[in-house]
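Participant: can't give you the sequence, but here's the structure:
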């Protein structure tokens, strides 16, 4: 690791940093988009106030190799917020420019326009959240430049002289490794917050001399700043590549930098210096680092794909995120499943984790993030091995945050279970090799009193796992987030579609008087098949849901324990029946006795008729014990 720290402190009027703001037009928008359209009662554009804004002059830095000095440049599309008073900042409007110079005219875009004689202004407008501006936790990489750095101005005229209110950290990153691309950089300090609300906005705007912003210092370690470099990443090599991050001016006793590649490899740099690390107002602090982390990445989908992947050792892994299940038969269409278009995938999210955080997929407390990412058609993750995590790829929808899963907005395209457990063994019955545990069980041998032995419960035909009982007790699994916050319930009336079920993998479909979550006249009653493994089969690679014939005769005397079942009227939480008994789904669905339904082994015998055995109906949640393909 090579660390070089250049502090630009001292007289702030003599140590000014250089920023070239290069923001694409339309990148920043006000929260008040709905106010942008003029109505007949509004002031016409010709009569609106036009503000002229000037940037603060800066001395030469590495951002500009030629010339002795230059100014910060406005860029077409830049937006500023103008407000009336420091008391609550009740009235606020957004103004934008089409200029590319140090002096720029700003015209009204949206918001509550102020027509008084005192103007409090802030740049960039989209850093102004509810109540006051804040250093955001996430910033965006721009090649060789800073995407945004906050400035403020106060004036009694329409001429606005902006001042820088913070500093920059420039991370010069290099490597001798081939093919390294950086996806994210996390920066945080144990001594001060790097993101959060600005607490002295009024004072820094109205001060005679330029002042630096201060921010809320509540829980410093929980307020890092993240530089997003995009899913395609930023290539680094033997020559340093600069990454600029806007941070509050302060004297920091320590920095930690976490660098994450597009393949999910993370290297931490803890920067402790004999001297404090100073970031001055209008200055740059330069830190040079060498990325050296290497790791072997195991491709779980190299030979085949599935809806469940077994991980039996700590390490780095990946699997294809563009293949639905095993990529084989789609019983809904009767054809081979089409792949998911990787251009539709906006990112990956961990929907829930079993037992404790950070076991199935490693969790970093300091940066508050899973070591989980999506890149170029693959999901990458770092597992500590012993747990279960349910992950999904999603597509951003209008109104959501790009690349961040918004539960109520975005569309889940497909989901997978990462099952971190010791390598399963086999139990032979009816001449077939069964897995020695149900899908989701973390331990062999429930008779030894170990927990999480029964596995998950599945509605027939779905690949989505649900909470079930712990061992032989009526105690549900422990989930992160809490089970009742993770899962939702939907009364499906006359049934729902397979597409809807796919895009809602943590929704349990119920109805107090129905037996099937699909419509009664559904043609896709073979979502799980006796003959082939379908794309909806929840089994890992090399395994499938067993047929009726393969399960016939298995009793509780064997080691084919179950976990009970999820009841029919669970509209708020899961109801459990007979934990520890044999209750196992088969892939067989037919109308051989005049009743369309799926067969299950219930207490040692095969049943499917809702009413004869209320535990067995296609809407119920029952475990799966896979058999070798």
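Facilitator: Perfect, I can see it now. None of the values given here were measured: they were computed from a predicted structure.
Participant: domains in the chain, as residue ranges please.
Facilitator: For the chain, the structural domains run 5-291, 297-420, going by automatic domain parsing.
Participant: what's the least confident stretch among these?
Facilitator: Of all the domains of the chain, the minimum mean pLDDT falls on domain 5-291 (a mean of 76).
Participant: look up which residues are beta-bridged to residue 387.
Facilitator: residue 420 (DSSP bridges).
Participant: re earlier: for the domains of the chain, which one sits closest to residue 597?
Facilitator: Of all the domains of the chain, domain 297-420 sits nearest to residue 597, with 16.1 Å by Cβ to Cβ. In this view, the C-beta of every residue, glycine as well, is placed from N, C-alpha and C.
Participant: and that closest one, how far from the chain's centre?
Facilitator: 11 Å (Cα atoms, centre = their mean, to the nearest Å).
Participant: start to end distance for it?
Facilitator: Start-to-end span of domain 297-420 (Cα to Cα, to the nearest Å) is 16 Å.
Participant: tabulate the domains of the chain in CSV, adding columns for mean neighbour count and distance to residue 461.
Facilitator: Listed next are these as CSV, based on neighbours: other Cβ atoms under 10 Å; distance: least, Cβ to Cβ, whole Å:
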stretch, mean neighbour count, distance to residue 461
domain 5-291, 18, 32
domain 297-420, 19, 9
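Participant: to residue 626, which of these lies closest?
Facilitator: Nearest of the domains of the chain to residue 626, taken as Cβ to Cβ: domain 297-420 at 8.9 Å.
Participant: residue contacts, residue 533?
Facilitator: Contact analysis of residue 533 by Cβ atoms under 8 Å, 6 or more residues apart in numbering lists 326, 328, 329, 539, 544, 629.
Participant: state the distance from the closest residue to residue 503 other than its chain neighbours to residue 347.
Facilitator: Leaving aside its sequence neighbours, residue 503 sits nearest to residue 412 (Cβ to Cβ, 6 or more residues apart in numbering; 5.0 Å). Distance, residue 412 to residue 347, using Cβ to Cβ, to the nearest Å: 11 Å.
Participant: residues shared between the contacts of those two?
Facilitator: Residues touching both residue 412 and residue 347 (Cβ under 8 Å, 6+ apart): 393, 394.
Participant: and the helices in the chain, which stretches?
Facilitator: For the chain, the helices defined by DSSP state H occupy 201-206, 483-486, 498-502, 548-551.
Participant: now do the longest one: which elements does it pack against?
Facilitator: Helices and strands in packing contact with helix 201-206 are listed as strand 119-123, strand 151-155; criterion 3 or more Cβ pairs under 8 Å, 6 or more residues apart in numbering; DSSP states H and E.
Participant: I'd like those as JSON lines, with distance to residue 93 appended.
Facilitator: Output for the helices and strands packed on helix 201-206, formatted as JSON lines (distance: least, Cβ to Cβ, whole Å):
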{"stretch": "strand 119-123", "distance to residue 93": "10"}
{"stretch": "strand 151-155", "distance to residue 93": "15"}
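Participant: looking at the ones you listed, which is nearest to residue 554?
Facilitator: Of all the helices and strands packed on helix 201-206, strand 119-123 sits nearest to residue 554, with 68.9 Å by Cβ to Cβ.
Participant: quick one: low-confidence residue ranges for the stretch 401-550 of the chain.
Facilitator: The stretch 401-550 of the chain contains residues with pLDDT under 70 at 443-453, 469-476, 521-525.
Participant: contact partners for the most centrally placed residue in the chain?
Facilitator: The centre of the chain sits closest to residue 349, judged by Cα atoms, centre = their mean, with a distance of 4.2 Å. Contact analysis of residue 349 by Cβ under 8 Å, 6+ apart lists 391, 392, 394, 405.
Participant: against residue 247, how distant is the closest residue to residue 81 other than its chain neighbours?
Facilitator: For residue 81, ignoring the flanking residues on the chain, the nearest one in space by Cβ to Cβ, 6+ apart is residue 125 at 4.2 Å. Distance of residue 125 to residue 247, computed by Cβ to Cβ: 20 Å.
Participant: same check, this time on residue 168
Facilitator: Applying Cβ to Cβ to residue 168 and residue 247 gives a distance of 7 Å.
Participant: also residue 463?
Facilitator: Distance, residue 463 to residue 247, using Cβ to Cβ: 44 Å.
Participant: swap in residue 393?
Facilitator: Here residue 393 is placed at a distance of 32 Å from residue 247 (Cβ to Cβ).
Participant: ok, residue 620 touching residue 458?
Facilitator: No: in this structure residue 620 lies outside contact range of residue 458 using Cβ atoms under 8 Å: 9.4 Å.
Participant: longest single strand anywhere in the chain?
Facilitator: For the chain, the strand with the greatest residue count under DSSP state E is strand 266-279.
Participant: what's in contact with it?
Facilitator: The contact list for strand 266-279 (Cβ under 8 Å, 6+ apart) reads 1, 3, 5, 7-9, 166-169, 247-260, 285, 287, 289, 291-293, 364, 371, 382.
Participant: pretty sure residue 249 is in contact with residue 215, am I right?
Facilitator: No: look at residue 249 against residue 215 with Cβ under 8 Å: they stay out of range, at 10.4 Å.
Participant: residue 182 bridge partners, please.
Facilitator: Beta-bridge partners recorded for residue 182 (DSSP bridges): residue 234, residue 261.
Participant: hmm, back to that, out of the helices and strands packed on helix 201-206, nearest to residue 424?
Facilitator: strand 119-123 (57.9 Å).
Participant: now find how far off-centre the closest one is within its chain.
Facilitator: Worked out by Cα atoms, centre = their mean, strand 119-123 lies 33 Å from the chain centre.
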